[in-house]
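Asker: predicted model, plus sequence, below.
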Amino acid sequence: MLATRLATAAVLIPALLWLIFAGPASAFDAFLLLLVVLGAWEWAGLCRYASGMRALFVGGVVAALLAVQGVAPLPLFAVSVAWWVWAIVEMARAPDGAHGVWTTAWGKPLAGAWVLVPLALSLRALHHGPIGSAMLVFTVILVIALADTCAYFAGRTWGRHKLAPRVSPGKTWEGVAGGLAGALVAAGITGSYGLGLAGPGLLGWMVVATVAVAFSVGGDLVESRYKRAAGVKDSGAILPGHGGVLDRADALAAGAPVFALGWHALHALAGGGV
């Protein structure tokens, strides 16, 4: 399994780096659209929709994405962060998915839209928005990815205390601590040398990264709750060794809007420069 995961990563990482640093903005936007389409198809599977209904759901999510392209992003990011707080609280209150707004027949598809649309818009703003850059979106993806990877290895090595055993039995508090430590090291290095931050700007960036990583853990658990309710281990099988697109993007979906909102706040507090 580890060899398969590494082989898949060896193919995907160079392609993603090209999209971030070398490809045109239109190519990155096309990648985000593909991410939304594949993620929506998998989410519809978690809702147990038949093929025709799954296609309609994908079309609806894409239409929602296109409809909000011209909307001011900051209010949308703020609402997205608030939605994640609500979804995480509901997950903690009803980990088996038996109750809660986002587990109802109409709540599940709405939840899928709230996961996928802000994810795409956040990454777009971080990459080529007015104050975005290739290094910024690379840093965000790297921090979230390292948090997930370090949490996995720390949990396997030192994990003793379960984080949410009824939702995701393998996750532990030791894993969360290890993931946060790895993510903050990455955020500090890339913030200093990649984004040129120092002093209060760097401190603010570390605070934003801490909050974003906490949300990313919640995002992972929220998706795990939906998978458990659907009776599946992975959201899909398109990524050998990794599962589906949602299995790789759940943490980023919760963390990216926090990063986008936090980066804009830091920029505003610094008077136009961080």
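Answerer: Okay, I see it. Numbering: from 1, shown residues only.
Asker: all contacts plus neighbour counts: C-alpha atoms, from now on.
Answerer: Noted.
Asker: now the helices for the stretch 51-200 of the chain?
Answerer: Here the stretch 51-200 of the chain has its helices, by DSSP state H, counting those that start in this stretch, at 51-67, 73-93, 107-128, 134-158, 173-189, 199-230.
Asker: which among those is found nearest to A22?
Answerer: With distances scored as C-alpha to C-alpha, the stretch of the helices of the stretch 51-200 of the chain nearest to A22 is helix 134-158 (8.9 Å).
Asker: quick check: buried residues in the closest one?
Answerer: Buried residues in helix 134-158, counted by 16 or more other C-alpha atoms under 10 Å: 134-152, 154-155.
Asker: any idea how far R48 is from I189?
Answerer: According to C-alpha to C-alpha, to the nearest Å, R48 stands 43 Å off from I189.
Asker: show me which of those two is the more surrounded one.
Answerer: I189 (15 against 12; other C-alpha atoms under 10 Å).
Asker: for A120, give me its contacts.
Answerer: Residues near A120 by C-alpha atoms under 8 Å, 6 or more residues apart in numbering: 32-33, 35-36.
Asker: what does A55 give?
Answerer: Counting by C-alpha under 8 Å, 6+ apart, A55 makes contact with W41.
Asker: same question for H242.
Answerer: Contacts of H242 by C-alpha under 8 Å, 6+ apart are 5, 248.
Asker: same check, this time on the one 3 residues further on
Answerer: Under the criterion of C-alpha under 8 Å, 6+ apart, the contact partners of V245 comprise 35, 38-39, 42, 235-236, 238-239.
Asker: list only those of the residues you listed flagged as buried.
Answerer: Taking 16+ other C-alpha under 10 Å as the criterion, what is buried in the contacts of V245 is 35, 38-39, 42, 235-236, 239.
Asker: of those, which belong to helices?
Answerer: Secondary structure assignment by DSSP state H places 35, 38-39, 42 of the buried ones among the contacts of V245 in helices.
Asker: please identify the buried residues of the lowest-mean-pLDDT helix or strand in the chain?
Answerer: Sorted by mean pLDDT, DSSP states H and E, the helices and strands of the chain end with helix 2-17, the least confident at a mean of 86. By neighbour count with 16+ other C-alpha under 10 Å, helix 2-17 contains the buried residues A9.
Asker: now do that helix against helix 134-158, angle only.
Answerer: Counting by axes from the mean of the first three to the mean of the last three C-alpha atoms, to 10 degrees, helix 2-17 lies at 170 degrees to helix 134-158.
Asker: hmm, who's touching helix 2-17?
Answerer: Residues outside helix 2-17 that contact it (C-alpha under 8 Å, 6+ apart) are 239-242.
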